[in-house]
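S.K.: The sequence isn't on hand, but the structure is:
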């Protein structure tokens, strides 16, 4: 008896669970535009792009680690130490020339990457829980940042004549392209996001990383070097945190050991809002980007309405809970 193929019927619940992050973002945009007439102003939009550039990088790193069924609580601290070292090299070693500033940026990124690699080694080869490892690393790294700065703030010298490279670096963090006005830092992050989108969607690395997080034992039996891929997730997370720290230095013109405090939690929240599973094996770059902007818009509209920061935390937490509940149906 011939069987007929039936097209799958439309399910409202399935539609909501599959597109919850996008629906929440659209809803926030609509509500924000109603509550504040300046929300859609060019200045406000560009400020969101500039402010969220470091957060986007931390979220991408958190996504890679979460895909492997791990967690990284040290990315905010790694951002801070990169931020501190970039400013420290420029000011204390008088690296005021363009080449000196470039070297300072490279060193800051290398330091962030080194601590990411340290996380990877301890988690993969010493087989310690990622939660404990990265929590300890965060404490150590931020402590080092406090020791280097003696708990004080380092300010970049920005005299255009005496400190040409430092001035250009700060100006870079404050400026945007002359055509669209998009901050230069945002263009860097857009390029990185596009790279990781292709990496995760079309490369063997992305597929193997997802397979590793989905079923660690099956991946190992299939001949995959699981340790190498898990290690790479933490190392890349450190690299992205290092870049984020350098961007923070350029944007703020200062470095402080408290920089990036709490950023790692927002990064994890953005990944979860985007539908990633903390059990591993699930996570998309596009959804992570949406998660970052959801958290960004919550803070932005509250700031525009002059709402104190504490209610912002309450509303942000409620939105995260709602997003997780909507995403829960995907795993069933």
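M.R.: Received it, and whenever you're ready, just let me know what you need. Just so we're clear, the structure is a prediction, and the values are computed from it rather than from any experiment.
S.K.: Is residue 124 in contact with residue 230, as I believe?
M.R.: Yes: here residue 124 reaches residue 230: they are 4.8 Å apart, a contact under CB atoms under 8 Å. (C-beta placed from N, C-alpha, C; glycine too.)
S.K.: So which of these two has more stuff around it?
M.R.: residue 230 (25 against 21; other CB atoms under 10 Å).
S.K.: mind checking how far the helix or strand hosting the more buried one is from the chain centre?
M.R.: Assigned by DSSP states H and E, residue 230 belongs to helix 226-252. In this view, helix 226-252 has its centroid 9 Å away from the chain centroid, taken as CA atoms, centre = their mean, to the nearest Å.
S.K.: go on, stretch 301-311?
M.R.: Mean-position distance between stretch 301-311 and its chain equals 23 Å (CA atoms, centre = their mean).
S.K.: Just the buried residues of that stretch, please?
M.R.: 301, 302, 304 (16 or more other CB atoms under 10 Å).
S.K.: I'd like those residues laid out as CSV, including secondary structure and pLDDT.
M.R.: As requested, the buried residues of stretch 301-311 are exported to CSV (DSSP: H, G, I helix; E, B strand; the rest coil; pLDDT from 0 to 100):
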residue, secondary structure, pLDDT
301, helix, 87
302, helix, 86
304, helix, 87
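S.K.: Tell me who's in contact with the closest residue to residue 197 other than its chain neighbours.
M.R.: In space, and not counting its chain neighbours, residue 197 is closest to residue 285: 4.4 Å by CB to CB, 6 or more residues apart in numbering. Residue 285 makes contact with 60, 63, 193, 196, 197, 200, 201, according to CB atoms under 8 Å, 6 or more residues apart in numbering.
S.K.: one more time with 10 Å
M.R.: By CB atoms under 10 Å, 6 or more residues apart in numbering, the residues touching residue 285 are 59-60, 63-64, 193-201, 206, 274.
S.K.: Now the element after the helix or strand where residue 76 lies, going C-ward?
M.R.: Element membership of residue 76 [criterion: DSSP H and E] is helix 75-92. Sequence-wise, the next helix or strand downstream of helix 75-92 (DSSP H and E) is helix 98-125.
S.K.: quick one: the residue nearest to residue 197 and residue 119, what's the gap?
M.R.: Residue 285 sits at a distance of 21 Å from residue 119 (criterion: CB to CB, to the nearest Å).
S.K.: the inter-axis angle of the helix holding residue 230 versus helix 75-92?
M.R.: 50 degrees (axes from the mean of the first three to the mean of the last three CA atoms, to 10 degrees).
S.K.: So which elements touch the next helix or strand after helix 226-252?
M.R.: Under the assignment DSSP H and E, the closest C-terminal helix or strand after helix 226-252 is strand 254-255. Contact partners of strand 254-255 among helices and strands, from 3 or more CB pairs under 10 Å, 6 or more residues apart in numbering; DSSP states H and E: helix 75-92, helix 130-149, strand 154-155, helix 226-252.
S.K.: again, only using 7 Å
M.R.: Judged by 3 or more CB pairs under 7 Å, 6 or more residues apart in numbering; DSSP states H and E, strand 254-255 is in contact with helix 75-92, strand 154-155.
S.K.: Could you count how many residues lie near residue 125?
M.R.: Neighbour tally, residue 125, other CB under 10 Å: 11.
S.K.: one step back: quick check: which of the helices and strands packed on strand 254-255 has the most neighbours on average?
M.R.: Neighbour counts (mean count of other CB atoms under 10 Å) averaged over each of the helices and strands packed on strand 254-255 peak at helix 75-92, with a mean of 28.
S.K.: Which strands or helices does it pack on?
M.R.: Secondary elements touching helix 75-92 (3+ CB pairs under 7 Å, 6+ apart): helix 42-67, helix 98-125, helix 130-149, strand 154-155, helix 226-252, strand 254-255, helix 263-273.
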